[in-house]
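In: Build the 3D model from these lines:
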Amino acid sequence: MGSAAFVAQVKSARSRRTAEAYGESVTKFEAWLGQRGWDIVSAPPDCAQRFVQHLAQQGMAANTIHFRMSPVHKYLAFCERRGERGTWYRAEIPRIQKPARMPYTDEQIKVYLREVAT
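Out: Predicted structure coming up:
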């Protein structure tokens with residue numbers, strides 16, 4: 001269907017590495033669809049969300065899911081613009097929790113407090 005045309009378009013506008021990453025993500029998405037008996041035309045509107053759930057169940061980190069889903073969302077939009085599929089729902093991707101970063105270590109704070117107290 002449109003994956004070859006999509007990857008060709010990406011190759012013309014992006015770096016070789018980006019095009020390869022996009023191609024890999026779209027290929028994995030299409031393989032996942034095929035395992036369920038779907039293709040880009042017959043997949044349900046929530047296929048992107050189901051794919052996100054599949055990736056999360058495989059133990060994929062949220063950062064990696066974001067990395068994989070950006071090309072998939074663009075591919076689905078590309079296919080929709082070309083009339084190859086109807087409406088689809090953008091997937092809710094797990095939020096990336098960044099740990100709070102302390103500007104000073106506990107030891108640095110203790111040293112500072114001792115110096116201020118004297």
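
In: Where does the prediction get shaky in the chain?
Out: Scanning the chain for pLDDT under 70 picks out 1-2, 93-100.

In: what about Met102, distance to Val111?
Out: 14 Å (CB to CB, to the nearest Å). C-beta here means a position set from N, CA and C on the backbone, and glycine is covered the same way.

In: Could you do Arg85 as well?
Out: 62 Å.

In: do the same with Ala91
Out: Ala91 sits 48 Å away from Val111 when distances are taken as CB to CB.

In: ok, Met102 and Val111, which is more surrounded?
Out: Val111 (12 against 9; other CB atoms under 10 Å).

In: State the helix or strand in which that one lies.
Out: Element membership of Val111 [criterion: DSSP states H and E] is helix 106-117.

In: Report the buried residues of that helix.
Out: By neighbour count with 16 or more other CB atoms under 10 Å, helix 106-117 contains no buried residues.

In: For Tyr22, which residues are in contact?
Out: By CB atoms under 8 Å, 6 or more residues apart in numbering, the contact set of Tyr22 is Phe6, Val7, Val10, Arg14, Pro71, Lys74, Tyr75.

In: That one and Val41, how far apart?
Out: Going from Tyr22 to Val41 by CB to CB gives 20 Å.

In: Show me the helices in the protein, by range?
Out: 3-13, 16-35, 47-57, 62-81, 106-117 (DSSP state H).

In: Which positions in the second one come out as buried?
Out: For helix 16-35, a neighbour-count test (16+ other CB under 10 Å) marks Ala19, Ala21, Tyr22, Gly23, Ser25, Val26, Phe29, Glu30, Trp32, Leu33 as buried.

In: May I see those organised as a markdown table, with distance to Arg81 added?
Out: Shown next, in a markdown table, are these (distance: CB to CB, whole Å):
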| residue | distance to Arg81 |
| --- | --- |
| Ala19 | 19 |
| Ala21 | 21 |
| Tyr22 | 16 |
| Gly23 | 19 |
| Ser25 | 19 |
| Val26 | 15 |
| Phe29 | 17 |
| Glu30 | 18 |
| Trp32 | 22 |
| Leu33 | 19 |
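
In: out of those, who's nearest Ala62?
Out: Closest approach between the buried residues of helix 16-35 and Ala62, by CB to CB: Ser25, at 15.4 Å.
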